[in-house]
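Asks: Next come a sequence and a model predicted from it.
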There are 2 protein chains.
Amino acid sequence: MTVGVVGAGQLGRMLALAGYPLGLDFLFLDRTADSPAGQLAPTLVGELGDPGLLRELATRCSVITFDWENASVSALREASRGRRVRIAPPLRALAVGQDRVAEKKLFNKLRIPTTRCAAVNSYAALQRAVRQIGLPGVLKTRRFGYDGKGQIVLRTASQLPGAWQQLGAAPLLYEEWIDFDGEVSAIGARARDGTLALYPLSRNFHHQGILRLTLAPWDRPALLRLAQRYLRAVLAELDYVGVLAIEFFVRGRQLVANELAPRVHNSGHWTIEGAQTSQFENHLRAILDLPLGSTRPRGYAAMINLIGSVPAHARLLAAAGVHLHDYGKQPRAGRKVGHCTIIEATAKARDARARRLLRGYYPQLPLIP
Amino acid sequence: MTVGVVGAGQLGRMLALAGYPLGLDFLFLDRTADSPAGQLAPTLVGELGDPGLLRELATRCSVITFDWENASVSALREASRGRRVRIAPPLRALAVGQDRVAEKKLFNKLRIPTTRCAAVNSYAALQRAVRQIGLPGVLKTRRFGYDGKGQIVLRTASQLPGAWQQLGAAPLLYEEWIDFDGEVSAIGARARDGTLALYPLSRNFHHQGILRLTLAPWDRPALLRLAQRYLRAVLAELDYVGVLAIEFFVRGRQLVANELAPRVHNSGHWTIEGAQTSQFENHLRAILDLPLGSTRPRGYAAMINLIGSVPAHARLLAAAGVHLHDYGKQPRAGRKVGHCTIIEATAKARDARARRLLRGYYPQLPLIP
């Protein structure tokens, strides 16, 4: 059984590492052969939307999934037409996840609180949106944003022309700025028959738009119930198959949906060691119609992203219980090149340990938790 | 950093799966390209003792290790001569592990109880050995035995000619037959600087010479101390680097060494989910001079070997908490094609669960535990 994956980054790499023990084979499509996943599985090399390569993927694989949420929906639809290959998650979910406006509409339809926003296709529309929603706010590209890229915070009207000049070439949206107490994500798998496997809540800490630290489980029963209610609604609405993540802002007892990712998610990496079945294995189980695995936590996990470059392995591994995940990437400023996970018996021990490790990894960073 | 591995079976496969998260690359040497490890790492295809291929391995890799304990000691020594590549475990350990007589001599030297035995190189020597050691006893090939192959139990003198005819072409040894209460194995890693990381005791259940079930930790503190004392002695004597396993017979409060394996071991597969650091990761850490990881158990594990063919994945994974390891092998009678591991919070729950699962997998087998 061969699983085709569009994109061969670290998510694809960890997907393959979870799939090999299940006896699966993988075939990736990526721009380069020496990608994180390409180092351990065969890869078709070319553009991710290349019709010929996607057809080859569709011919050689039983199911196609994505490492990269910006995979071309139309090219995938075309490549799978008339073939037995299945695509999961569904292309509709991929399309929604690619467009911030479609995401907001989905959240609104399902009565999931989200920030107010307006689509912006012209400078006049930007002015209208700012009048309507107010300042401060965030001007964002509708598509292809990640790790805080393609976003400008607008605090005064005088910033509008500059921001428009910088981002205006692409379709945009303007979104209200909200204060929040923190960020969490809800992650879960849905099988084709509707069975669910939902993970405990992840508490996420960003710096400069990049996730640095996830603590999970984050024991807030009321918030967990709310997050899982929203997650269930989205999974059902999209007739979803696979793992999906929703990021929320926390405001007191409320959750405000920020965005969704129709794929395994950085804030779920802790599940590799921290849950009975990892998000990667459950994604594969879901898209292959295998029974979903238990999401029960195995202690309290902290996941720290390694940004820019991986510190010396000997140093990282000298700390007891540190699970290293090196993605096999070349170092580059701001790049996610790996992560480390620790598991402790209590939330308190985990938080203390995470704080200590974080200080070691990012001495220049303000203390996050 | 590329790790060269002689042999690309399931041990090599699990070694690669443990090494990729550490950012390692692998290069295997095996007779076929579609081996368990060859499915997920590049492979040089040819005989395992091929001087040219071993030289290529030695040139392209930082360190060479083995998936197969019968790798050619002399060919490896020759291939590494004058090159910077390191070989670990040391070739002396490999040589000892390949010869049952050398093993017994080592155990005797270190005052580790073992069965009485005699080398047998002629029919007259076999008769002498049987007179000296008595009946019943086991006639075994000195080399290349595994999973009970190359062994004949002798109960009466009348069996001698037949047994000699069957096995006499190879160097043999004749060993006393001993009754025992059970079998355990001690597994541990040793770093170049002598640091040790020893795992809890594994209790092993065989059927028709093939390991079927391992329960670990097997909480017998006195036996664990004894087993680890013996393991430490062997690791030190061999100036060992990497993971080594010793199988023992249990006789009351005594342990009788049966054999050693200078590599990761089937009875240590439970450590993938059941210990903080798996035997595979600790083997890699040891041979790469990285700090050894904690061997602390994460609950009580049972590992069940899948023999012959892997049952339907959907059926296996329907049972909560079953971790499947499919080696990607073609089915064949008596072949180890995969294993499953479960972890429970107590030994009692684990034993009950293991018994239930075992009944499902091997309904034809006498109930082992």
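Replies: On my side now, so go ahead. Residues are numbered from 1 along each chain as shown, chains lettered A, B, ... in the order given.

Asks: Look at the residue of the stretch 51-200 of chain A found nearest chain B and say how many residues are nearby.
Replies: For the stretch 51-200 of chain A and chain B, the shortest gap (Cβ to the nearest Cβ) falls at A:A197, measuring 10.8 Å. C-beta coordinates here come from the backbone N, C-alpha and C atoms, glycine included. For A:A197, the neighbour count with other Cβ atoms under 10 Å in any protein chain shown is 23.

Asks: With the one 5 residues further on instead?
Replies: A:S202 sits with 29 neighbouring residues when counted by other Cβ under 10 Å.

Asks: distance of the closest residue to A:G52 other than its chain neighbours from chain B?
Replies: Leaving out its chain neighbours, the residue that sits closest to A:G52 by Cβ to Cβ, 6 or more residues apart in numbering or on different chains is A:G46, at 7.9 Å. The gap separating A:G46 from chain B is 21 Å, by Cβ to the nearest Cβ, to the nearest Å.

Asks: isn't A:G46 right up against A:L29?
Replies: Yes. Using Cβ atoms under 8 Å, A:G46 is in contact with A:L29, at 7.0 Å.

Asks: what helix or strand does the closest residue to chain B within the stretch 151-300 of chain A sit in?
Replies: Of the residues in the stretch 151-300 of chain A, the one nearest chain B is A:P291, at a distance of 4.5 Å by Cβ to the nearest Cβ. For A:P291, there is no helix or strand it lies in under DSSP states H and E.

Asks: Quick check: nearest residue in space to it, chain neighbours excluded?
Replies: In space, and not counting its chain neighbours, A:P291 is closest to B:A318: 4.5 Å by Cβ to Cβ, 6+ apart.

Asks: before we move on, back to that, who's more crowded, A:G46 and A:L29?
Replies: A direct count of neighbours by other Cβ under 10 Å for A:G46 and A:L29 places A:L29 higher, at 30 against 15.

Asks: can I assume the more buried one sits in a strand?
Replies: Yes. Per DSSP: H, G, I helix; E, B strand; the rest coil, A:L29 lies within a strand segment.

Asks: OK, contacts around the residue sitting nearest the centre point of chain A?
Replies: With distances taken as Cα atoms, centre = their mean, A:H265 lies nearest the centre of chain A, 3.4 Å away. Neighbouring residues of A:H265 by Cβ atoms under 8 Å, 6 or more residues apart in numbering or on different chains: A:S185, A:I187, A:V243, A:A245, A:Q279.

Asks: Please narrow those residues to those residing in strands.
Replies: Mapping those onto strands (DSSP state E) picks out A:S185, A:I187, A:V243, A:A245.

Asks: quick one: strands adjacent to the helix or strand harbouring A:L139?
Replies: Following DSSP H and E, one finds A:L139 within strand A:137-141. Paired neighbours of strand A:137-141 in the sheet (DSSP bridges): strand A:151-154 (antiparallel), strand A:172-176 (antiparallel).

Asks: For the shortest one, give me every contacting residue.
Replies: For strand A:151-154, the surrounding residues in contact (Cβ under 8 Å, 6+ apart) are A:130, A:135-141, A:145, A:159-160, A:163, A:166-167, A:174, A:177, A:209.

Asks: give me the number of residues near the residue nearest to A:P291?
Replies: 13.

Asks: Near chain B, which residues of the stretch 1-150 of chain A are found?
Replies: The stretch 1-150 of chain A has residues A:R13, A:A16, A:L17, A:Y20, A:P21, A:L22, A:G23, A:D25, A:Q39, A:L40, A:A41 near chain B, with proximity defined as Cβ under 8 Å from any Cβ of the partner chain.

Asks: Now the fifth one, what are its backbone angles?
Replies: When you say that, I think you mean A:P21. phi -60, psi -20 (degrees, to the nearest 10).

Asks: residue contacts, the closest residue to it other than its chain neighbours?
Replies: Setting aside the residues directly before and after it, A:P21 is nearest to B:H325 in space (Cβ to Cβ, 6+ apart), at 4.7 Å. Listed by Cβ under 8 Å, 6+ apart, the contact partners of B:H325 are A:P21, B:Q10, B:M14, B:H269, B:I272, B:G338, B:H339, B:C340, B:T341.

Asks: sorry, back to before: list phi and psi for the residue nearest to the centre of chain A.
Replies: Main-chain dihedrals, A:H265, degrees, to the nearest 10: phi -130, psi 150.

Asks: residue ranges of the strands in the stretch 51-200 of chain A, please?
Replies: A:63-66, A:86-87, A:117-120, A:137-141, A:151-154, A:172-176, A:182-190, A:196-198 (DSSP state E, counting those that start in this stretch).

Asks: Thought A:R353 was touching A:Y300, still the case?
Replies: No. The criterion here is Cβ under 8 Å, and A:Y300 misses it with A:R353 at 9.3 Å.

Asks: So what's the predicted local confidence for A:H207?
Replies: Here the pLDDT value assigned to A:H207 is 88.

Asks: partners of it in the sheet?
Replies: A:I210.

Asks: okay, now it: neighbour count?
Replies: A:H207: 15 neighbours (other Cβ under 10 Å).

Asks: again, but for A:A257
Replies: Using other Cβ under 10 Å: A:A257 sits among 24 other residues.

Asks: can I assume it sits in a strand?
Replies: Yes. Counting by three-state DSSP, A:A257 is found in a strand.

Asks: show me what contacts it?
Replies: Contacts of A:A257 (Cβ under 8 Å, 6+ apart): A:E103, A:F107, A:I112, A:P113, A:T114, A:Y230, A:I246, A:E247, A:F248.

Asks: Can I get those in TSV including neighbour count, distance to B:A93 and pLDDT?
Replies: Converted to TSV, the contacts of A:A257 look like this (neighbours: other Cβ atoms under 10 Å in any protein chain shown; distance: Cβ to Cβ, whole Å; pLDDT from 0 to 100):
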residue	neighbour count	distance to B:A93	pLDDT
A:E103	22	58	95
A:F107	23	61	98
A:I112	23	61	98
A:P113	15	63	98
A:T114	24	62	97
A:Y230	22	57	98
A:I246	26	53	98
A:E247	22	51	97
A:F248	27	55	98
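
Asks: quick revisit: which one of the strands paired with strand A:137-141 is the most hemmed in?
Replies: strand A:172-176 (a mean of 23; mean count of other Cβ atoms under 10 Å in any protein chain shown).

Asks: Give me the secondary structure label for A:L316.
Replies: Under three-state DSSP, A:L316 comes out as helix.

Asks: Surely it touches A:H339?
Replies: No. Using Cβ under 8 Å, A:L316 makes no contact with A:H339, being 10.7 Å away.

Asks: For the two, indicate the residue with more neighbours.
Replies: A:H339 (27 against 22).

Asks: Dig out what that one forms beta bridges with.
Replies: A:N305, A:H325.

Asks: related to what we said a few turns ago, tell me the contacts of the residue of the stretch 151-300 of chain A closest to chain B?
Replies: By Cβ under 8 Å, 6+ apart, the contact list for A:P291 reads A:A191, A:T195, A:R285, B:A314, B:L317, B:A318.

Asks: Export the residues you listed as JSON lines, with columns for distance to A:L358 and pLDDT.
Replies: Listed next are the contacts of A:P291 as JSON lines, based on distance: Cβ to Cβ, whole Å; pLDDT from 0 to 100:
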{"residue": "A:A191", "distance to A:L358": "36", "pLDDT": "98"}
{"residue": "A:T195", "distance to A:L358": "37", "pLDDT": "98"}
{"residue": "A:R285", "distance to A:L358": "32", "pLDDT": "98"}
{"residue": "B:A314", "distance to A:L358": "41", "pLDDT": "93"}
{"residue": "B:L317", "distance to A:L358": "36", "pLDDT": "95"}
{"residue": "B:A318", "distance to A:L358": "40", "pLDDT": "94"}
